[in-house]
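Chemist: Sequence first, then the predicted structure:
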Amino acid sequence: MLAPSIDPVTHEIIQGKLLAIVDEMAAVMTRTSMSPVIYEVLDFACGICDSEAQLIAQTNGITLFTGTFTTQVRSIIERFENDLEPGDVVVTNDPYQGGTHACDLAIIRPIFAGEQLIAFAVSVAHWLDVGGAIPGSRPPAASGVFLLGWRLWASRTARRDTVIEDIVRIIRENVRLPELAIGDLNAQLATVRIADGRIGEIVEKYGTPTLLHSFRMVLRDSEEQSRDVVRSLPDGTYEAEDIVDGDGVYEGPIAIRVAVRIAGDEMEVDFTGCPPACDGPINCAKGALHSAVKTVFKALVSPHEPSNEGWFRPLKIKVPDGTLFSAQRPSPTGWYYEGSVHASELVWKALAPIMPDSFSAGSYTSLCVTYISGKTANGDLYVHIEPEHGGWGACRDRDGASALIALTDGDTYNYSIELIEAKFPLLVRRYSFNTEGGAGAGRYRGGYGLVREYEILSEEAEVYCGFGRSKTPPWSMDGGQPGSLNRLELETTSGQKALLGRSPTRRVNRGDVVRIVTGGGGGWGPPSERAIEKIEADIRAGLLTREQARAIYEFGARKIATKGNLVAS
């Protein structure tokens, strides 16, 4: 039976402990995982849900993972019903059961107080390879889910704290890098076990009824704050449209749209009218869509508070089955974040006009993920995966952020050059702002993207990529100029060049250069209104040449006119 009340101090202590638990889970993941994409980029997330699958606490990490916790845990509850015991652990990586794509493994552990199920600990991490057609398991032109590696939906991995060796054997025999995979599995198992033990300590000190009541209070309080923010917005329907630049199979533009309806203290986000699921693998399933929309909604109602399911109770998401944003089996979802980030940005674009203090102009959007794989000098397979940072859009009162990770990826990092060159036969020749491509001009300009160049040091390797916004630039606001485009450039030792967007595997050889270029964000306000001092600062910083300043901002003429006015006054 739940406690009838709980004093505020005890509630704050318990919530602080829960946040400390998920942070400890993250520390365990970074210190024990085997894959650089996990321990260096932080391509993972950890959290705690209550017995009804409602998110209670989460650590920073991949934004799109934390939004899927509820749907994934709910699928586990439906699958096992009452057949869960202390010490059980379940694995799932099925995108159609609340997940994202096959490379993202969710390890879920039910937590008991005696015989009572009280919570779930969740660890989701990106595995470097899960089989499939090519190393990395992400062929950009995959026309079906079966090319993207193995899937385990709601499969018990451990029983009474004993790992089921049959599952381990299945995993080991179906991946290209088994030592890394089993190492990452062990890290995730340790992560959720830590959460079980720490929650047990809370129960021992405060009792199960008090803990569960604290769960209810944090959900209630967050819901009330969320509804207050939505209630303060003007009622109405706010629409946005955009273009997806092909799907990896089809190269033409794909039109997408959204309608955001605000009525009182509730918001409905409606994707009706979006195209059917694509042949290529940029589709996302409903779990990832919900997570994408929740990301933007949380930025609206309370960007700095810890996340839990209470914040999202005023939010309703409407989408027909079988669309680009609600793919069903066997539509491929290997590059799901390319679809889901467009869903996020659509909602962002719809809300920007009514919330200009909270939302910027359009960003480079795509994670621009690039894979380079080959053989090391001793013949071992290496697979380098890297999401890229780029330029965000300008805000109403300041320039856009430069070299920031895309909207869906949250608190993730870039690889250090030292680690890349130590782990892989690659030489980083350049890492700098993309000043050649520029950023959207305006009263406030967009942030700058990046250029990252790799020289191949192995005898041969393969490269593939999935770049969005390679044809349709980031959108601007209030008379600003659009941002610049993303692209991958391959340059051979003989001087031949190729410009790529979503590209299947291509062979490269020793000495060839892989150049990753991310775009700049959109501008805000007319370029003619940009302050002379800001233009001069960009020139001094090397972000803008004087020739560019003259062409974009009429810099020379405006500067002379301004000085003349100052003299006349």
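Modeler: Received the coordinates, thanks.
Chemist: And the helices in the stretch 201-350 of the chain?
Modeler: 208-231, 286-301, 336-351 (DSSP state H, counting those that start in this stretch).
Chemist: buried ones in the longest one?
Modeler: The reference is to helix 208-231. Residues of helix 208-231 classed as buried: 208, 210-219, 221-223, 226-227, 229-230 (neighbour count, 16 or more other Cβ atoms under 10 Å). Just so you know, the C-beta spots here come from the backbone N, C-alpha and C atoms, and that holds for glycine as well.
Chemist: Output the contacting helices and strands for it.
Modeler: Judged by 3 or more Cβ pairs under 8 Å, 6 or more residues apart in numbering; DSSP states H and E, the packing partners of helix 208-231 are helix 8-32, strand 55-58, strand 116-126, helix 178-206, strand 266-270, helix 286-301.
Chemist: In CSV, list those along with mean neighbour count and distance to residue 106.
Modeler: Shown next, in CSV, are the helices and strands packed on helix 208-231 (neighbours: other Cβ atoms under 10 Å; distance: least, Cβ to Cβ, whole Å):
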stretch, mean neighbour count, distance to residue 106
helix 8-32, 17, 13
strand 55-58, 26, 13
strand 116-126, 25, 5
helix 178-206, 19, 9
strand 266-270, 20, 24
helix 286-301, 25, 10
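Chemist: Of all those, which one comes closest to residue 86?
Modeler: For the helices and strands packed on helix 208-231, proximity to residue 86 was assessed by Cβ to Cβ; helix 178-206 is nearest, at 8.2 Å.
Chemist: Show me what that closest one is packed against.
Modeler: For helix 178-206, the elements it packs on are helix 8-32, strand 44-50, strand 104-113, strand 116-126, strand 155-159, helix 165-172, helix 208-231, judged by 3+ Cβ pairs under 8 Å, 6+ apart.
Chemist: and these as JSON lines, adding mean pLDDT and distance to residue 560?
Modeler: Below are the helices and strands packed on helix 178-206 laid out as JSON lines (pLDDT from 0 to 100; distance: least, Cβ to Cβ, whole Å):
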{"stretch": "helix 8-32", "mean pLDDT": "96", "distance to residue 560": "55"}
{"stretch": "strand 44-50", "mean pLDDT": "95", "distance to residue 560": "54"}
{"stretch": "strand 104-113", "mean pLDDT": "96", "distance to residue 560": "57"}
{"stretch": "strand 116-126", "mean pLDDT": "96", "distance to residue 560": "54"}
{"stretch": "strand 155-159", "mean pLDDT": "94", "distance to residue 560": "71"}
{"stretch": "helix 165-172", "mean pLDDT": "94", "distance to residue 560": "69"}
{"stretch": "helix 208-231", "mean pLDDT": "97", "distance to residue 560": "47"}
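Chemist: now those in JSON lines, with distance to residue 93?
Modeler: Converted to JSON lines, the helices and strands packed on helix 178-206 look like this (distance: least, Cβ to Cβ, whole Å):
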{"stretch": "helix 8-32", "distance to residue 93": "16"}
{"stretch": "strand 44-50", "distance to residue 93": "13"}
{"stretch": "strand 104-113", "distance to residue 93": "5"}
{"stretch": "strand 116-126", "distance to residue 93": "9"}
{"stretch": "strand 155-159", "distance to residue 93": "9"}
{"stretch": "helix 165-172", "distance to residue 93": "10"}
{"stretch": "helix 208-231", "distance to residue 93": "27"}
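Chemist: Tell me which of these lies nearest to residue 488.
Modeler: strand 116-126 (20.3 Å).
Chemist: how far is that closest one from where the chain is centred?
Modeler: 20 Å (Cα atoms, centre = their mean, to the nearest Å).
Chemist: so residue 395, which of the three states?
Modeler: Secondary structure, DSSP: H, G, I helix; E, B strand; the rest coil: residue 395 is coil.
Chemist: quick one: contacts for it?
Modeler: 356, 360, 361, 444, 524 (Cβ atoms under 8 Å, 6 or more residues apart in numbering).
Chemist: measure it to residue 358 for me?
Modeler: From residue 395 across to residue 358, the span is 9 Å (Cβ to Cβ, to the nearest Å).
Chemist: Same list (the helices and strands packed on helix 208-231) but as a markdown table, adding distance to residue 165.
Modeler: A markdown table is the format used below for those (distance: least, Cβ to Cβ, whole Å):
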| stretch | distance to residue 165 |
| --- | --- |
| helix 8-32 | 20 |
| strand 55-58 | 31 |
| strand 116-126 | 20 |
| helix 178-206 | 11 |
| strand 266-270 | 44 |
| helix 286-301 | 29 |
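Chemist: which one of these lies closest to residue 345?
Modeler: Of the helices and strands packed on helix 208-231, nearest to residue 345 by Cβ to Cβ is helix 286-301, at 8.3 Å.
Chemist: Restricting to C-alpha, output that closest one in PDB.
Modeler: Output in PDB follows, covering the C-alpha atoms of helix 286-301 (Å, rounded to 0.1, in the frame of the first residue of the first chain):
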ATOM      1  CA  LYS A 286       6.800   4.700 -33.600                       C
ATOM      2  CA  GLY A 287       9.000   4.400 -30.600                       C
ATOM      3  CA  ALA A 288      11.700   6.500 -32.200                       C
ATOM      4  CA  LEU A 289       9.100   9.000 -33.500                       C
ATOM      5  CA  HIS A 290       7.700   9.500 -30.000                       C
ATOM      6  CA  SER A 291      11.200  10.000 -28.700                       C
ATOM      7  CA  ALA A 292      12.000  12.500 -31.400                       C
ATOM      8  CA  VAL A 293       8.900  14.600 -30.600                       C
ATOM      9  CA  LYS A 294       9.400  14.300 -26.900                       C
ATOM     10  CA  THR A 295      12.900  15.800 -27.400                       C
ATOM     11  CA  VAL A 296      11.500  19.000 -28.800                       C
ATOM     12  CA  PHE A 297       8.600  19.100 -26.300                       C
ATOM     13  CA  LYS A 298      11.000  18.800 -23.400                       C
ATOM     14  CA  ALA A 299      13.000  21.700 -24.900                       C
ATOM     15  CA  LEU A 300       9.800  23.700 -24.900                       C
ATOM     16  CA  VAL A 301       8.400  23.000 -21.400                       C
END
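Chemist: name the helices or strands packed onto it?
Modeler: Helix 286-301 packs on helix 63-66, helix 69-80, helix 208-231, strand 266-270, strand 315-318, helix 336-351, going by 3+ Cβ pairs under 8 Å, 6+ apart.
Chemist: okay, the longest one in CSV with CA atoms only?
Modeler: Translated: helix 208-231. The C-alpha trace of helix 208-231 is given here as CSV (Å, rounded to 0.1, in the frame of the first residue of the first chain):
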residue,chain,number,x,y,z
THR,A,208,8.8,0.5,-0.6
PRO,A,209,5.7,2.6,-0.1
THR,A,210,7.7,5.8,0.4
LEU,A,211,9.8,5.1,-2.8
LEU,A,212,6.7,4.5,-4.9
HIS,A,213,5.0,7.6,-3.6
SER,A,214,8.1,9.6,-4.5
PHE,A,215,7.7,8.1,-8.0
ARG,A,216,4.1,9.4,-8.2
MET,A,217,5.0,12.8,-6.9
VAL,A,218,7.8,13.5,-9.4
LEU,A,219,5.5,12.5,-12.3
ARG,A,220,2.6,14.6,-10.9
ASP,A,221,4.8,17.7,-10.3
SER,A,222,6.4,17.5,-13.8
GLU,A,223,3.0,17.1,-15.4
GLU,A,224,1.7,20.2,-13.6
GLN,A,225,4.7,22.3,-14.7
SER,A,226,4.4,21.0,-18.3
ARG,A,227,0.7,21.8,-18.5
ASP,A,228,1.4,25.4,-17.2
VAL,A,229,3.8,26.0,-20.0
VAL,A,230,1.5,24.6,-22.7
ARG,A,231,-1.4,26.6,-21.3
